[in-house]
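Colleague: how would this look folded up:
(one chain, ligands or ions: 3)
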Amino acid sequence: MPTVDLTLPHHRYDIVIEPGCLMQMGDLVRGAIPSATKAVLVTDEGVEPHHARPVAKAMEAQGVETIVAVIPVSEKKKNLGTVRTLYDIMLENKLERGHALVTLGGGICGDVAGFAAATYLRGIPFVQCPTSLLAMVDASVGGKTGVNVPQGKNLIGAFHQPSRVVIDPEVLTTLSERELRCGLAECLKHGVIRDASLFDWIVDNADPILSLDMPTLVELVRRNVEIKASVVMEDEKEAGVRAHLNFGHTFAHAIEATSQYGTKYKHGEAVSLGMVAATAFAVNRKLCPASLLDRVIAGCEAVGLPTSSDYLAPDIMLLKTMSMDKKVRGGKIRLVLPVQMGQIEIIGDATADEVIAAWDVVRK
Ligand SMILES: NC(=O)c1ccc[n+]([C@@H]2O[C@H](COP(=O)([O-])OP(=O)(O)OC[C@H]3O[C@@H](n4cnc5c(N)ncnc54)[C@H](O)[C@@H]3O)[C@@H](O)[C@H]2O)c1
Ligand SMILES: O=C(O)C(=O)C[C@@H](O)[C@H](O)[C@H](O)COP(=O)(O)O
Ligand SMILES: [Zn+2]
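Modeller: Residues are numbered from 1 along each chain as shown. Ligands and ions are numbered 1, 2, ... in the order given. Below is the predicted model:
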């Protein structure tokens, strides 16, 4: 099966990308974690009716006793309460360190269940099986797991790398178009930070992507996973270049946290708005030409993502939330900004006035 390899100093895994591969989930889990005679399959309530039963059956067929745990899928419930529920299920079923957790869902499911795997018995192996485009191209790769708190997004978490990532692009046929577009926000982000040709390719291929042409989807997923994996291999724990993957996210997370997590904007939509705000900031700072902002806006609009909003919290609230960002150093907001398509710079001296001016570009 085609794979992308991710090699770190103390861990290595592959990311399998193959239409139909979920039917071989038993082999794929046992191949990565041979001691996994038992597993908790954590899925989310939107995915469970479509895909949980065949995956559980495929795992059982290869001798993996499988307990299915269904969790709610909302940013509000991406919290420690849901993690606690998973601990209880794992404890009740006497899951041991040699056993496994398998995620089957979008990025929320992967982040929450991944955090449970990172902390249960101080860490058990897990396999990520992402089912949304966003989780395939971004969230399932790289080992960031965690949950939200009222103060901000993903503020409690752990780096815990999976033992394998299994991507079956065929499951995208049951994903809503809105969620598909959300995944494209992170794909465009990868284009802006690393690969101008990917950015243009996504814009040119918006139609086949949104109409679920399978060879185009496979290429989309592979190109994005390669970028994500290469950044993570360079800097696993965000000591440096991994922060580039956070382009648009300081603004995006502020939108999510100040709009009651997901009631108005999904993560991918917030990232689209955040990329526009960050690029506007860079233009105002004269780090990049105004034409780059036009290109980012045109790219997001080409795939149907929002680029302006009449639903933003007051500046003071947005600034307060941005000051809780994990990249803050010495109380200063650090921003990941584009210099040109495919090239990024991080600045650590953003002033409140500059940030507010960037929000103004997004605010309708
Ligand atoms: N860990 C990371 O590196 C990382 C990276 C990016 C995003 N994230 C996190 O990921 C989350 C967003 O993930 P998301 O966009 O996948 O949202 P999500 O988890 O809410 O999933 C999107 C929706 O689609 C449904 N769904 C998923 N796959 C489906 C399928 N195949 N068929 C039918 N329905 C399906 C889900 O049930 C859900 O309702 C955010 O919380 C974000 O912070 C994490
Ligand atoms: O993998 C990363 O690193 C990223 O920043 C990817 C982001 O798309 C993702 O939303 C991530 O969860 C944000 O990380 P955070 O540390 O800012 O919460
Ligand atoms: Zn993201």
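
Colleague: wait, Leu293 touches Val276, no?
Modeller: Yes: the pair Leu293 / Val276 is scored as a contact, 7.3 Å apart, by CB atoms under 8 Å. Where C-beta positions appear, they are placed from N, C-alpha and C, glycine not excepted.

Colleague: those two: which has the busier surroundings?
Modeller: Val276 (25 against 22; other CB atoms under 10 Å).

Colleague: hey, what's in contact with both of Leu293 and Val276?
Modeller: Val361 (CB atoms under 8 Å, 6 or more residues apart in numbering).

Colleague: which bits of the stretch 201-350 of the chain sit near ligand 1?
Modeller: Residues of the stretch 201-350 of the chain lying close to ligand 1 (CB under 6 Å from any ligand atom) are 267-268.

Colleague: 5 Å instead?
Modeller: His267 (CB under 5 Å from any ligand atom).

Colleague: run through the residues of the stretch 201-350 of the chain sitting next to ligand 2.
Modeller: 242, 245-246.

Colleague: can we see that at 8 Å?
Modeller: By CB under 8 Å from any ligand atom, the residues of the stretch 201-350 of the chain that approach ligand 2 are 228, 231-232, 238, 242-243, 245-246, 249-250, 252-253, 267, 271, 325-327.

Colleague: next: the stretch 51-200 of the chain.
Modeller: 107, 111, 138-139, 141-142, 144, 146, 153-155, 157, 186, 189.

Colleague: at 6 Å what do you get?
Modeller: Counting by CB under 6 Å from any ligand atom, the stretch 51-200 of the chain sits next to ligand 2 at 138, 142, 144, 153-154, 186.

Colleague: just the ones of the residues you listed in strands?
Modeller: 144, 153-154 (DSSP state E).

Colleague: return only those of those residues found close to ligand 1.
Modeller: 144, 153-154.

Colleague: and the residues you listed as a markdown table, adding distance to Ala52, pLDDT and neighbour count?
Modeller: Formatted as a markdown table, these follow (distance: CB to CB, whole Å; pLDDT from 0 to 100; neighbours: other CB atoms under 10 Å):
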| residue | distance to Ala52 | pLDDT | neighbour count |
| --- | --- | --- | --- |
| Lys144 | 24 | 98 | 24 |
| Lys153 | 27 | 94 | 25 |
| Asn154 | 25 | 97 | 18 |
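
Colleague: which stretches of the stretch 251-364 of the chain form strands?
Modeller: Under the criterion DSSP state E, counting those that start in this stretch, the stretch 251-364 of the chain contains strands at 335-340, 343-347.

Colleague: among the ones you listed, which is the most enclosed?
Modeller: strand 335-340 (a mean of 21; mean count of other CB atoms under 10 Å).

Colleague: identify the spatial nearest neighbour of Glu236, chain neighbours not counted.
Modeller: Leu8 (5.3 Å; CB to CB, 6 or more residues apart in numbering).

Colleague: list the residues that contact the one you found.
Modeller: Leu8 touches 161, 232-233, 236, counting by CB under 8 Å, 6+ apart.

Colleague: repeat that for Ile124.
Modeller: Ile124 is in contact with 95-97, 99-101, 117, counting by CB under 8 Å, 6+ apart.

Colleague: wondering if the helix or strand harbouring Ala69 reaches ligand 1 at all.
Modeller: Taking DSSP states H and E as the criterion, Ala69 maps to strand 65-71. No: against ligand 1, strand 65-71 shows no contacts by CB under 6 Å from any ligand atom, the least distance being 9.9 Å.

Colleague: tabulate the CA atom coordinates of that strand in CSV.
Modeller: Only the C-alpha atoms of strand 65-71 are listed here, as CSV (Å, rounded to 0.1, in the frame of the first residue of the first chain):
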residue,chain,number,x,y,z
GLU,A,65,-11.2,-7.7,20.6
THR,A,66,-12.8,-4.3,19.8
ILE,A,67,-14.8,-2.1,22.2
VAL,A,68,-16.5,0.8,20.4
ALA,A,69,-16.7,4.1,22.2
VAL,A,70,-18.8,6.9,20.6
ILE,A,71,-18.0,10.4,21.7
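
Colleague: give me the neighbour count for Pro314.
Modeller: 10.

Colleague: what distance do you get for Ala32 to Gly152?
Modeller: 33 Å (CB to CB, to the nearest Å).

Colleague: equivalent analysis for Leu292, please.
Modeller: Taking CB to CB, one finds Leu292 at 28 Å from Gly152.

Colleague: again with Leu217
Modeller: Applying CB to CB to Leu217 and Gly152 gives a distance of 33 Å.

Colleague: ok, now Gly31?
Modeller: Counting by CB to CB, the gap from Gly31 to Gly152 is 38 Å.

Colleague: and if you look at Val361?
Modeller: Taking CB to CB, one finds Val361 at 23 Å from Gly152.

Colleague: who has more neighbours, those two?
Modeller: Using other CB under 10 Å, the more surrounded residue of Val361 and Gly152 is Gly152, with 20 against 17.
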